[in-house]
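[1] Next input, structure requested:
(one chain, ligands or ions: 2)
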Amino acid sequence: MANETKDYSRYFDFSDAKIISEDEHGKRIRIGGREIFIMSEPSYRREKQRGKEEIKVLYEEAVPEELRTFGKGKKYIIQTYGCQMNEHDTEVMKGLFEHMGFEWTDDRREADVILLNTCAVRENAEDKVFGELGNLKSLKLEKPELILGVCGCMSQEESVVGRILQKHAYVDLVFGTHNIHRLPILLRDAYFGKEMVVEVWSKEGDIIENLPKKREGMRAWVNIMYGCDKFCTYCIVPYTRGKERSRLPEDVIAEVRELARQGYREITLLGQNVNAYGKDFTDRDYRFADLMADLSKIDIPRIRFTTSHPRDFDDKLIEVLSRGGNLVEHIHLPVQSGSTEILKRMSRKYTRESYLELVRKIKAAIPGVVLTTDIIVGFPGETEEQFEETMSLVREVGFDSAYTFIYSPRAGTPAAEMEDNVPMEVKKERLIRLNDLVAELSKRSNEALRGRVVEVLVEGRSKSNPNVLSGRTRTNKLVHFEGPPEWIGSFVHVRVTDPQTWYIKAEPVRQETGAVS
Ligand code: SAM
Ligand code: SF4
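    Numbering: from 1, shown residues only. Ligands and ions are numbered 1, 2, ... in the order given. All right, here's what the predicted structure looks like:
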């Protein structure tokens, strides 16, 4: 069966578009009666380039004085799709909105601005967004003053922007992942102009510090780096997120210190490939292991990180993690496939054997470590034997859980051009087999905790039963137990009574008991 890529070429037929004006600020075009102001648009070719230009770190006030009351009396909603990176970008955008005086609402009918912060990693994520844009059309027709915006990874795709211009001309604002800090200006332009405003930078800009963030709960995300230079052949992220840029350690450390001061209990360091942290520094030799060692001295109870690429996971990092303390014993280590041949075609730059050797070293150094992973099934041309190699690797490592995906061709990536003779029914059947195995392993590892005492950070009430609290162990396992709401935000020791496949039932024990996980 051929690749199931959609034919986007029809979205590039701009023969009915009229250029109204063009100058150094951008061009105004008209398509089907709608005026569009394109300040800059995405280009796969430019997104792919990796230049040597130096990345500057700017400490800016993102909301100009004159826009600080712009949102007074107005309400906004951001709908977020995709990974933690997007969730965190949403926190930044919430911070910007609220610095402009906007208030959050859960009710679409009273919103003055609705933003969709989108994900481009798989086609079904994109389909959801286009479906949602269709749903929002009637609201926009009822309330023409509503500002409807699309941002995030999908906006970085040429084909998506082309499709919005052609088919969803009622959208007012399109911007990308590199110019979030420009939100106040872009919002103002969209409000006061009648045209759709499009500003997508194909090249990552500088690192902007000092952006306001609106965080909730007791766990916080902290970006340590942006972008990705790995170019795995199936993946769109290096195009949508630009080249790898690390934040300066002093800025990361200051942010974590401040979060500790504010009483946050757990932080998760974010990057597409956190192990590449610091590789881009030209003025110092300071890598991810050094950052973890420095952060471990800060008085914050738990520090996690995601995502690790196996290729850059060095011995120094293993040694630092083995010291424990606030560095938890959970590592998310995406393997993608257990077949060296498929890994080669994915351009992952490690083999089955080297991955297993890394796992062996990690397990030897960090007793009780929990490993989780990401796996793609049905990569173009994956044979039954190659899939079985994935199954056997999953068994051998004994992952506690895994995010599993059917390969989704992404326009512009090398894998989308590869010959794919694996029928979709076979891919689906492989995914089911893999998920059954992951469930079996997860149940087994939870079962091993029966009767033991674990430390849980209580996050809130269980969704299904308000009398039950839920939280996570250091190893990121979900635990439910009965207790008073005053415990939310604190650490509680509980005894595992009834392990399930995806969560654990437990009962509280007296605090003096030592925790094991
Ligand atoms: N940077 C991370 C890494 O290298 O592991 C992953 C980032 S990506 C947002 C999350 C996961 O999505 C990947 O680990 C991969 O399993 C999956 N993924 C990425 N591109 C995909 C595609 N084209 N089809 C299916 N799954 C994909
Ligand atoms: Fe995508 Fe590979 Fe980069 Fe992860 S490391 S974001 S899978 S290109």
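
[2] any idea how far the spatially most central residue of the chain lies from H181?
    Ranked by distance to the mean C-alpha position of the chain (Cα atoms, centre = their mean), the top residue is C83 at 2.5 Å. As for C83, its distance to H181 is 20 Å (criterion: Cβ to Cβ, to the nearest Å). Using the backbone N, CA and C atoms, a C-beta is placed for each residue, glycine as well.

[3] now swap in G412 and tell me
    Applying Cβ to Cβ to G412 and H181 gives a distance of 26 Å.

[4] again, but for R108
    Distance from R108 to H181, by Cβ to Cβ: 26 Å.

[5] cool, and V458?
    35 Å.

[6] Give me the more crowded residue out of those two.
    V458 (25 against 19; other Cβ atoms under 10 Å).

[7] can you give me how far the helix or strand in which that one is found is from the chain middle?
    Under the criterion of DSSP states H and E, V458 resides in strand 453-461. Mean-position distance between strand 453-461 and its chain equals 24 Å (Cα atoms, centre = their mean, to the nearest Å).

[8] Summarise which helices and strands that strand is packed against.
    Contacts defined by 3 or more Cβ pairs under 8 Å, 6 or more residues apart in numbering; DSSP states H and E place strand 453-461 against strand 468-472, strand 478-482, strand 491-499, strand 504-508.

[9] What helices and strands are in contact with the longest helix seen in the chain?
    Assignment by DSSP state H gives helix 424-447 as the longest helix of the chain. Under the contact criterion of 3+ Cβ pairs under 8 Å, 6+ apart, helix 424-447 touches strand 370-377, helix 384-397, strand 401-406, strand 491-499.

[10] Among those, which comes closest to ligand 2?
    strand 370-377 (7.9 Å; Cβ to the nearest ligand atom).

[11] got the contact list for the closest one?
    Residues outside strand 370-377 that contact it (Cβ atoms under 8 Å, 6 or more residues apart in numbering): 234, 307, 329-337, 346, 359, 362, 387, 390, 394, 397-407, 427, 430-431, 434, 445, 475-477.

[12] Restricting to those residues, which residues neighbour ligand 1?
    Y234, T307, P334, Q336, F405, Y407 (Cβ under 6 Å from any ligand atom).

[13] from memory the third one sits against T307, does it?
    Yes - because the distance of 6.1 Å satisfies Cβ atoms under 8 Å, P334 is recorded as touching T307.

[14] For G134, see how far away F481 is.
    F481 is 42 Å from G134, by Cβ to Cβ.

[15] neighbour count winner among these two?
    Per other Cβ under 10 Å, whichever of F481 and G134 has more neighbours is F481, with 23 against 11.

[16] Identify the residue spatially nearest to the more buried one, adjacent ones excluded.
    A506 (4.4 Å; Cβ to Cβ, 6 or more residues apart in numbering).

[17] What number of residues are in the vicinity of the one you found?
    28.

[18] again with I208
    Neighbours of I208 (other Cβ under 10 Å): 18.

[19] Pull the contacting residues for G242.
    By Cβ under 8 Å, 6+ apart, the contact list for G242 reads E47, T177, H178, K203, E204, Y226, G227.
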